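Asks: below are the sequence and a predicted model; questions follow.
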Amino acid sequence: MEGYEIFAIRYASNATRRSSQNFLRGDPHDSPMPMDFFVWALRSNERTIVVDTGFSEQRGREEGFPVSRPVALSLKQIGIESEPVDTVVLTHMH
């Protein structure tokens, strides 16, 4: 069994988000519910996996979720370039 390093990369957040924005049918309490946005990277000696790809700075601005740190830059800082990524897992579509 191979061992993996696992990285949680926070690339954006929205401190003003409300709970009613996070649930399909809203929330009658409508309280503050800040949200952080993450990409995950898993790396072993044999493989590199990225879980979700985040969104661009432009898309973040359009949606009201300012990107504080571009995903590609964060991946590069931990030694992950696009070339060695073997697998990309998308958990949901927008």
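Replies: Sure, I can see it. Numbers count the residues shown, from 1 in each chain.

Asks: which helix or strand contains the nearest residue to residue 71 once chain neighbours are set aside?
Replies: Among residues not flanking residue 71 along the chain, residue 54 sits closest, at 4.0 Å (Cβ to Cβ, 6 or more residues apart in numbering). C-beta: built from backbone N, CA, C; applies to glycine. Residue 54 belongs to no helix or strand when elements are defined using DSSP states H and E.

Asks: now for residue 54, how many residues are close by?
Replies: By the criterion of other Cβ atoms under 10 Å, residue 54 has 22 neighbours.

Asks: contact partners of the lowest-mean-pLDDT helix or strand in the chain?
Replies: Every helix and strand of the chain was ranked by mean pLDDT, DSSP states H and E. The lowest is helix 57-63, at a mean of 88. Outside helix 57-63, the residues within contact range by Cβ atoms under 8 Å, 6 or more residues apart in numbering are 12, 55, 66-67, 70.
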